[in-house]
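> I need the structure of the sequence given here:
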Amino acid sequence: MTYVEDELNSQPECWTRAAGEAARHTAALPAAGERVAIVGCGTSYFMAQSAAALREDAGLGETDAFAASEFPRGRAYDRVVALTRSGTTTEVLELLTELKGRTRTVALTADPETPVMTAADDVVVLDYADERSVVQTRFATTALTLLRAHLGLHTDAVVADARAALAADLPEGLVERTQFTFLGRGWTVGLANEAGLKMREASLSWTEAYPAMEYRHGPISISTTGTATWMFGEAPEGLAEQVRETGATWVPAALDPLAELVRAQRLAVAVATARGLDPDRPRHLTRSVILAP
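Predicted structure coming up:
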C-alpha cells in the first residue's frame, strides 16, 4: 500500500479527533463578526476557498480566501488564517512575517518543529494528520473539518459518509476515462478544485474544475464519450441530463461533499496505479515549496 492510500484511509479517525478538539481552539480561531482572510498554497488554498464560503454563508462575517502569494496587502482584516501542512512554505511564512504586529494570525499546521510556530500569533497543530506522501489528503480534509466544527457545521454523519466513501466501489468504468471535470457550488467549488488537483498530481490526468453553472458556459464542449463529469453537492436542475447527452459519464454526489472528495482521492490513486505511476512521488513536486532567497 502506498503512503497516500494509508493516509486517505485514516481520514474518518482524523476528522473525529479534529471535531472533538475544535472547542479547545476557540480563542485562536475567528470569532463571529470578524473580517477574516484564509490563505494557503495548492491544496491548502482550495481548502481555504471552501472554509471561507462556509463561514460567510453561515452569517459569521465577511471571509475571503487567497493564495498566500496573492494576498492583497492593502486590505484590512481582523484575523488571517493560514493553512500550511509543512509549516515551511515560503509564501505563507513571508505573509505571516509581514502581518506580525499588524493583524492577528493563526496557522493550522501538521509539524510543530517548523518556522510557522513563531511566525504566527497562534498555532493549531494537527500532527496526527501529518503525511509522508507528497500528495496531500488527510491534513487538508482534517483542517477543513476542524474549521467546519468551529462553525458548528460538522456532524457524525460526515464521518459515516467518509467511511462509506472508503468502502464502496468506484463507479464502473471511471478509471478508464481520459478526462475528468469536477463541479461545485458555493463551498464545494473549493472541493472541486482540489479534486482536479489530486488527479493531476497523482495520476497526471487531464482534469478541470468549475462552478457548476460556469461549466455550462463553454467547458461542457469538451465532454464526450470517454470523459467524466463529477458533481460535488446538489447539481443545477437539468445539468445531469445535458452532460449525459454529450456521451460523458455523469457522477452524481451521493455523500457529504467532503466525503465525495475522499472518493475522488481514491480515484486519483486508482488511475495512477492503472497507469503504472507512483502517487506518492508526483513528478516535479516536493512536499513543501521553499523558494531560494
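
> so what pLDDT did residue 292 get?
Residue 292 is assigned a predicted lDDT (pLDDT) of 55.

> measure the residue nearest to residue 39 when sequence neighbours are not counted to residue 190 for me?
In space, and not counting its chain neighbours, residue 39 is closest to residue 68: 4.5 Å by Cβ to Cβ, 6 or more residues apart in numbering. Glycine gets a C-beta too; all of them are placed from N, C-alpha and C. Shown here: residue 68 relative to residue 190, a distance of 15 Å by Cβ to Cβ, to the nearest Å.

> how about the nearest residue to residue 42 once chain neighbours are set aside, what does it touch?
Nearest non-adjacent residue to residue 42, counting by Cβ to Cβ, 6+ apart: residue 197, 6.8 Å away. In this structure, residue 197 makes contact with 42-43, 46, 207, judged by Cβ atoms under 8 Å, 6 or more residues apart in numbering.

> quick one: which of those residues is nearest residue 2?
Using Cβ to Cβ, residue 43 comes nearest to residue 2 of those, at 17.2 Å.

> Which strand or helix spans the residue nearest to residue 42?
Using DSSP states H and E, residue 197 sits within helix 188-203.

> buried set for that helix?
The neighbour-count check on helix 188-203 (16 or more other Cβ atoms under 10 Å) flags 188-203 as buried.

> Could you export it as PDB, CA atoms only?
The C-alpha trace of helix 188-203 is given here as PDB (Å, rounded to 0.1, in the frame of the first residue of the first chain):
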ATOM      1  CA  THR A 188     -17.900  22.900  -2.800                       C
ATOM      2  CA  VAL A 189     -16.200  24.800  -5.600                       C
ATOM      3  CA  GLY A 190     -13.000  24.600  -3.500                       C
ATOM      4  CA  LEU A 191     -13.500  20.800  -3.200                       C
ATOM      5  CA  ALA A 192     -14.000  20.500  -6.900                       C
ATOM      6  CA  ASN A 193     -10.800  22.500  -7.500                       C
ATOM      7  CA  GLU A 194      -9.000  20.100  -5.000                       C
ATOM      8  CA  ALA A 195     -10.300  17.000  -6.700                       C
ATOM      9  CA  GLY A 196      -8.900  18.200 -10.000                       C
ATOM     10  CA  LEU A 197      -5.600  18.900  -8.400                       C
ATOM     11  CA  LYS A 198      -5.400  15.500  -6.800                       C
ATOM     12  CA  MET A 199      -6.000  13.800 -10.200                       C
ATOM     13  CA  ARG A 200      -3.300  16.000 -11.900                       C
ATOM     14  CA  GLU A 201      -0.700  15.400  -9.100                       C
ATOM     15  CA  ALA A 202      -1.200  11.700  -8.500                       C
ATOM     16  CA  SER A 203      -2.200  10.400 -12.000                       C
END
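
> For the very next helix or strand once past that helix, list the C-alpha coordinates in PDB.
Counting by DSSP H and E, the element after helix 188-203 in chain order, helix or strand, is strand 206-211. C-alpha atoms of strand 206-211 as PDB (Å, rounded to 0.1, in the frame of the first residue of the first chain):
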ATOM      1  CA  TRP A 206      -6.300  15.900 -17.800                       C
ATOM      2  CA  THR A 207      -8.700  17.500 -15.300                       C
ATOM      3  CA  GLU A 208     -10.600  20.700 -15.000                       C
ATOM      4  CA  ALA A 209     -12.800  22.200 -12.200                       C
ATOM      5  CA  TYR A 210     -15.600  24.900 -12.400                       C
ATOM      6  CA  PRO A 211     -18.500  26.300 -10.600                       C
END
